[in-house]
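[1] got a predicted structure plus its sequence, pasted below:
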Amino acid sequence: GEDVEQSLFLSVREGDSSVINCTYTDSSSTYLYWYKQEPGAGLQLLTYIFSNMDMKQDQRLTVLLNKKDKHLSLRIADTQTGDSAIYFCAEREQGGKLIFGQGTELSVKP
Amino acid sequence: DAGVIQSPRHEVTEMGQEVTLRCKPISGHDYLFWYRQTMMRGLELLIYFNNNVPIDDSGMPEDRFSAKMPNASFSTLKIQPSEPRDSAVYFCASTRTGGYTIYFGEGSWLTVV
């Protein structure tokens, strides 16, 4: 079945770049997403990428997609303490449902 | 745009009681999803609707769980009877056909004691 895998933890220093990685299995996924969840809060959509794109940049965020390897990454430039949260990768199946990874907890140290 | 609205935000109930969670999707959205988030299992899709019709309920854990969507602007997720292992955050989400973005509500934080 479909599966999305992420590493569980990442720790960086303030001002450094963060790279969060994700692998997925469904090659027919149309869109791939990154959501952010802060403690006690809901899921905030950060960005998405269409499956026929290689890269998408949005301010400090850069998404890279390697469709051959089914690998997705999210790069956050100039990481701030306010970026500390859990980041979820998700693939979208036909019909619209999202399959989420386990989430990567990003810790930003001052 | 008010976003996806869920209620209650927090609920503490005793084992055996009935729990009803509510969701109002974004106006004009024809897809509605119910997800559950736990530490052990992460984010799981429970059920989703298209045009008020349940399309896939394979994620509903057992007969104690039921979901309805009587109209385009309202859905409920009911647990009867509730058990401590149902303690989780329940998210509702919506999108429209052909839409890129799937919007989530703030979640209903359920504790069953």
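    Right, received. Where do you want to start?

[2] partner residues bridging B:Y31?
    B:N50, B:T95 (DSSP bridges).

[3] ok, now which ones touch it?
    With contacts defined as Cβ atoms under 8 Å, 6 or more residues apart in numbering or on different chains, the neighbours of B:Y31 are A:G96, B:Y48, B:F49, B:N50, B:S94, B:T95, B:R96, B:T97, B:I102. The way it works is simple: take the backbone N, C-alpha and C, and place the C-beta from them, glycine included.

[4] most neighbours out of those residues, which is it?
    B:S94 (27 neighbours; other Cβ atoms under 10 Å in any protein chain shown).

[5] tell me the confidence at that residue?
    With respect to pLDDT, B:S94 has a value of 95.

[6] isn't it up against B:V4?
    Yes: the criterion here is Cβ atoms under 8 Å, and B:S94 meets it with B:V4 at 5.5 Å.

[7] who touches both of the two?
    B:P25, B:I26, B:Y103.

[8] now the helices for chain A?
    With DSSP state H applied, chain A shows no helices anywhere along its length.

[9] which bits of it sit near chain B?
    Proximity of chain A to chain B, by Cβ under 8 Å from any Cβ of the partner chain, involves residues A:31, A:33, A:35, A:41-45, A:48, A:50, A:88, A:92, A:95-103.

[10] make it 10 Å
    A:4, A:6, A:30-31, A:33, A:35, A:37, A:40-45, A:48-50, A:88, A:90, A:92-93, A:95-103 (Cβ under 10 Å from any Cβ of the partner chain).

[11] just the buried ones among these, please.
    Buried positions within those, assessed by neighbour count (16 or more other Cβ atoms under 10 Å in any protein chain shown), are A:4, A:6, A:31, A:33, A:35, A:37, A:42-43, A:45, A:48-49, A:88, A:90, A:92-93, A:96-103.
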